[in-house]
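1. with the input below, show me the fold.
(chains A and B)
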Amino acid sequence: MDNDIKNLEARFNEDIKNAVTAQDIEFLRVRYLGRKSSLNDLFAGIVSLNKEEKARAGRNLNILKQKITSCLDEKLKGSQSSEEKFDLTFPASSGDKGSLHILSRVNQEICAIFERLGFDIIEGAEIEDEWHNFTALNFPGDHPSRDAFDTFYLNIPPVDPEKGKHLLRCHTSPSQIRVMEENKPPLAVISPGRVYRPDEVDATHSFMFHQIEGFAVDREINFSHLKGVLFYFAREFFSGDARLRFRPHFFPFTEPSAEVDVSCFKCSGNVRGEKKCSVCKGKGWLEILGCGMIHPHVLEFCGIDSSKYQGFAFGMGVERPAMLKYGIDDIRLFTENDVKFLEQF
Amino acid sequence: MRFSLNFIKELFPIEMPPQELVQVLTMAGMEVEHYEQAGDDWIFDIEVTTNRYDWLSLVGIAGEIAACTHKKFNLPHVELIKKPLIRDRKIVIENISDCPFYIARIVRDVKVSDSSAGLAQKVAHCGINSISNAVDITNYCMLKWGNPLHAFDLDKIEGNVYIRRAKTGEKFIGIDEKERVLSGENLVIADDRKAIALAGVIGGKNTEVDKNTKNIFLEAAIFSPVVVRRSRRAVGLDTDSSYRFERMVHPDCLECASQEASDLIGQLCAGAFSGYQQAGKKPLVKRQAVRIDIAHMNRYLGEEFSPVKLKNILANLGFSTTKESAGNISLLAPALRLDIKREVDVYEEFSRIYGYNNIKTKIPFLISPEKRVLKTGPLGRFYAFKNELRVFIASLGLKEIITYSLESGEELLRLGEKDPLPLSNPMRSQENVLRPSLLPGMIKAMRHNLNRSQTKLRFFETANIYQRADNGFREAGALSLAASGSHEDFFYLKRATQEIFIFLNRPQLEFKEAELNNFTNALQVYADGKPAGFLGKLDEKIRKEFDLKENLYFAQFDLNTLLDLRRDKTYKPFSPYPAVWRDISILAQNKIKFSGVEKAVKGVGRELCSYKVVDIYRGKNIPPDCAAFTLRVFYQAADRTLTSEEVDSSHQLLRDTLSKINGITLR
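-> Predicted structure coming up:
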C-alpha cells in the first residue's frame, strides 16, 4: 500500500507538469480525484488492512488527496485561460427591425422644428367641401386660379349644401380655415396631412402626396416674421448655412404672396466646371414652398376682424424636401413600400 | 407667355443686359422660366400668374419692366376713328352678360399675302406661327394689347352678325378643321344662317381669311370670362384667345387693338377702312381708388420704409397720388391693373419692387397662454399620440408603410366592400373610391415584397379610412398591423396587440373569438368593455385571389378609441421576493381551447403571478387528435418569500382543477 501511494504521487507529479490548459487540469482532477480514480480504489482497499496499517494508509492517503487538490487548484489559477474559445466570425443573429416610414420621419422632423417656435400641431380632415377648400380661401368661383388646384370630387350628396360639394382636399390650407373658424387669435398652427390631385403617377408626380400647412395670426404678426420663421426652418432642416430667396408670386389666399427657394444644400450655388449640380440642376436654388400674408378676405371669411388681426401662412410638400434631402429619385418609392427601401431609414 | 425683347423695345427702351433683366424680373415676381437669344433678339418665356392678365400683353410687360428698372412707362396713344358707321349689317347681342361689348371694323380691298419678314418674325418670337399678313396683324395686336381679335372674310358672312348661345347639337368646324358639336354652354358668333366663330375661343372655317379674301370684318369684343371658360372646356380646347378672355381683357386696350389692327391692315394689306360699328356698351373702367395708411403698411410688412422710396416705387408702377395727409396716401391704381383692389394689394406691389429679400427677418414670439387650449384639445393631442404610437410600434419590430387612400371599387368588392365612397371624377378605375379599411393597401404592400423573395414581413400603417355614416360619411384615423408567414405569426400579432395596450396603460384587454368578413379566424379586441379593433387570419380564398405567397395576419384598430383608452402611467411597485416556477405537462385534445386552461390558472389565487407555454408538441408519441404542451407557472408573493409548502399547495390546486377538465390529461 505504501508503495502504491508513492507510485500514485509520482504519476500525479509527472502528469501535472504536462497540464497547461484549464481543460487539462479538469481532466487530471477527474482522473485523480474522481469516483473511479486510483485514489478512491486505494481508499476502498484500506478495509482489508490491519489496524496499524489502516491508520497510516488513511493518513497518507488524506495527505496525498489534499496535496493533489491544492496542487490542481494552484495550477488552475495559473493556467492561461479558463474560457473556451469559440468562433466569433459567425454572422450576427437576425431579427425584426422596425422602422418609421421616411415620410413620417421627415414630416415629424419638420413639425418638430415649428413646434420649437411655439406652433401647435392640428391635423385636418381629408374629405372637405368647396367652401373650405376654395371659397373661404378667396378663390373666385369658376376662375382660372382653380386650374392649378385640380381636385377629386366625391360622388355623395353634400352634408351642408351651403358649403358645396364634397371633395378630397387638394392642399392642407382648408385646415387653416377650420382652425380659424373655431378658434380666436392668437393662433400659431402647423397642419400636416395627405392631399390629393388628379395627376398621372410618374417619377415626380402622384395623385396622393403630403403637405404641411403653417400659419400664425395675431395683432402684430408681419411679413418679416414670416421670413424669420421660414429662415429658421431652412437652417434647421436643410443646413446651418442655408440661404432663402423670396420670389413674389400669386396665391388667392395670401397678399403679399411669395414662392421660396432655398440655396442648394449640395452645391450652394457654386457652379464648378461644366458639370451641373445633380440636385439643383445648376440653378443654385431649390423651390420649396409657397407663402404670404393671409389675405384679409380669408380672415373675414373666418370671422376674424382683419383690421385688428393679421397673419402669415405657408404651405410646403413633404415628398419634395424628403427627396432632395435623401437623394430619392422616384416618388413612387414612397408608396411601393419595398422592404429594401423601408429598411434604409 | 413668350415675348420678344425687340418687340418690347418698340414700346420702351431697355438698357439692362438681358441676363440681368431675367434676374430682376424673376425677383420681382415675373418669373422668367426660360430665355434664349435669337439673332439680334432675345426671347423670354415668363410664367403668368392668374391675377396678372396684363402680362398677356406687351404693354403690360413693358410697364412691369419699367417699374422693375426704376422707370415709368406710359401707354402709347392711339387715335380712335369710329366713322363712318357700318349701315348694311346689324350686330345683335343676344345677352349682354355673355358679351358686354362688341366692336367691328370693315377694311375693304385688301391683298392677303405672306407677311413681311419683320412681322412674321415678331409674332414667331412671341410663339405664334405666321399665317398671312392679315392674320399676323390681328395676332400682333393681340400680343401688344392683350385683346384677342378675329378677322373674318366679310364676303362669307351672310347677313347680320349675332352673338348668341349655340343650339344643342349645332355643328361647327373651326379653323383647325375639326368639327365640334356644340351645346348651350357655347357662345357663338353667327350670321343669318350659321355659326361663324366659337366666341372667344376659335374662328370658323366657313369665314376664314385666305389669300382670296378681299374684304375683312374685324372683330374685337369682351366676352364673359366664365362663359368662355365653360365653352372651351365643353369642347376641350384651350387657345391663346380663350386664355386671355378667361383672365379678363381691358376695354381701353380693346379699342386701341381694334384701331391699330385696322390701321395696319390698311397699311400692310393695301386696304381701306370703310366702316365701324359697335354693340353693347363699353364697360366703364374706373381706376380703383385705394387709401393706404403708411403706419399700417409698416406694421404689416414689419419694417419702417422711407416714404420717398415708397412714393417713387408706386409712381413707377403707374399709381397716381390723389391726396396725401398725416401718414395716409390716397392712390389710383395703375390704368391696366384691375386686380388691385385694396391696401394689401398695394403693399404687395410696393414690397415686390422694393425686394422681398430686402425686408428684415425676425422671429415672432408665438407662445401665449390662451393658445394652449389648442394643444391640449383633442385635435392637438391626436397628432402627438399618433407620433408616439408609431415610434412605439416601430420599436416592436414592425416597419411603417404608406399606402394610397384611393382604391379600385372593383377590388374592394372582392373584399366584400359594396358601398365605399366613390369619386365623381376618377382618373383611372384603379383609384375610383375611398378605402373603408387599411386592408387593401396592406395586401398590396405585402404582395409587392412577397413577390420579391421576402418572407415573414411585419408592417404597420396609420392612416384615415372613410365610411358611409348616418349623416353622410365618417373619416377616421386607423391603425393596421400585419404579419405574413404561418400560424405562429398570428401570435406575434397578438403579442404586438398586447404590447400596444400595455403602452396605452390598458393591459386588461379582452379577446373575443369572432367571425368577420374575410377573416373566419378572428379575435375582436375589447378594452374597458369597448370594441377597439380586431385581428385575424386572412381567409385562404382571399389570400389566393390576391395572390399572396404567405398567409396574412392582419389587425386594425380605431385610433380615436385608442387615444380615449390611453391612461397616464404611474409606477407600480413589484415584489422584491423571489419567484418560483413549476412546470405542468399537459396533453390536451384539440377540441380543448387554451382559454379553458387560462381560466383555471386565473382561479388559483394571487400568488400565481404569471404563466407561459414553454413547449408545444404534436406528432410522434402523441395521439393524433391531441397536442402536448408544458405550462410553466410562476408563484410569487408581494410581502415574503413563499415556502415550498405554500407553492406546492397552490400548484396542487391548479393540477387538480386542470385534471378535472374533460379532454385534458396531466403527464
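2. can we go C-alpha only for contacts and neighbour counts from here?
-> Fine.
3. strands along chain A, start to end?
-> In chain A, the segments counted as strands under DSSP state E are A:120-121, A:127-129, A:166-168, A:187-196, A:208-218, A:244-248, A:254-263, A:285-294, A:310-317.
4. need these in a markdown table with mean pLDDT and mean neighbour count, can you?
-> Below are those laid out as a markdown table (pLDDT from 0 to 100; neighbours: other CA atoms under 10 Å in any protein chain shown):
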| stretch | mean pLDDT | mean neighbour count |
| --- | --- | --- |
| strand A:120-121 | 93 | 27 |
| strand A:127-129 | 96 | 22 |
| strand A:166-168 | 96 | 23 |
| strand A:187-196 | 96 | 25 |
| strand A:208-218 | 97 | 23 |
| strand A:244-248 | 96 | 24 |
| strand A:254-263 | 96 | 25 |
| strand A:285-294 | 96 | 24 |
| strand A:310-317 | 97 | 24 |
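5. export those strands as CSV, with columns for distance to B:Arg165.
-> Below are the strands of chain A laid out as CSV (distance: least, CA to CA, whole Å):
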stretch, distance to B:Arg165
strand A:120-121, 51
strand A:127-129, 32
strand A:166-168, 31
strand A:187-196, 36
strand A:208-218, 39
strand A:244-248, 40
strand A:254-263, 37
strand A:285-294, 40
strand A:310-317, 42
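6. out of these, flag the one nearest B:Leu198.
-> Closest approach to B:Leu198 among those (CA to CA): strand A:166-168, 31.9 Å.
7. what's the closest of the strands of chain A to B:Ala197?
-> strand A:166-168 (35.6 Å).
8. distance from the chain centre to the closest one, please.
-> Distance of strand A:166-168 from the chain centroid (CA atoms, centre = their mean, to the nearest Å) equals 33 Å.
9. packing partners of it?
-> Judged by 3 or more CA pairs under 8 Å, 6 or more residues apart in numbering or on different chains; DSSP states H and E, strand A:166-168 is in contact with strand A:127-129.
10. and the contacts of the strand it packs on?
-> Residues from elsewhere that reach strand A:127-129 (CA atoms under 8 Å, 6 or more residues apart in numbering or on different chains): A:Lys163, A:Gly164, A:Lys165, A:His166, A:Leu167, A:Leu168, A:Arg169, A:Pro174, B:Glu475.
11. residues touching the closest residue to B:Gln430 other than its chain neighbours, list them.
-> Once flanking residues are discounted, B:Gln430 sits nearest to B:Ser408: 4.3 Å by CA to CA, 6 or more residues apart in numbering or on different chains. Neighbour list for B:Ser408: B:Ser429, B:Gln430, B:Glu431, B:Asn432, B:Val433 [criterion: CA under 8 Å, 6+ apart].
12. ok, B:Pro422 next?
-> A:Leu154, A:Asn155, A:Ile156, B:Gly409, B:Asn432, B:Val433, B:Leu434.
13. tell me the spacing between the second one and B:Ala463.
-> So the one you mean is A:Asn155. Here the criterion is CA to CA, to the nearest Å. By it, A:Asn155 lies 22 Å from B:Ala463.
14. who has more neighbours, these two?
-> Each of A:Asn155 and B:Ala463 has its neighbours counted (other CA atoms under 10 Å in any protein chain shown); B:Ala463 has more, 21 against 15.
15. partner residues bridging that one?
-> Going by DSSP bridges, B:Ala463 is paired in beta bridges with B:Ala478.
16. what about the stretch 51-200 of chain A, any weak spots by pLDDT?
-> A:79-82 (pLDDT under 70).
17. which residues of it lie near chain B?
-> Within the stretch 51-200 of chain A, the positions adjacent to chain B are A:96-101, A:108, A:117-123, A:125-127, A:142-145, A:152-159, A:185-188, A:198-200 by CA under 8 Å from any CA of the partner chain.
18. buried members of those into PyMOL, please.
-> In PyMOL syntax, the buried subset of those is picked out as below (16 or more other CA atoms under 10 Å in any protein chain shown):
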select buried, chain A and resi 98+99+100+101+117+118+119+120+121+122+123+125+126+127+144+145+152+153+154+156+158+185+186+187+188+198
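19. which parts of the stretch 1-150 of chain B are helices?
-> B:5-11, B:18-27, B:58-68, B:117-125, B:133-145 (DSSP state H, counting those that start in this stretch).
20. in the stretch 51-200 of chain A, which residue sits closest to chain B?
-> Sorted by distance to chain B under CA to the nearest CA, the residues of the stretch 51-200 of chain A start with A:Gly98, at 3.6 Å.
21. right, and that residue touches B:Arg390 too?
-> No. Contact between A:Gly98 and B:Arg390 fails when scored by CA atoms under 8 Å: they sit 10.1 Å apart.
22. chain center to the lengthiest helix in chain A, what's the gap?
-> Ranked by number of residues, the top helix in chain A under DSSP state H is helix A:51-78. Relative to its chain's centre, helix A:51-78 lies at 65 Å (CA atoms, centre = their mean).
23. what residues sit buried inside it?
-> In helix A:51-78, counting by 16+ other CA under 10 Å, buried: A:Lys54, A:Ala57, A:Leu61, A:Leu64, A:Lys65, A:Ile68, A:Leu72, A:Lys75, A:Leu76.
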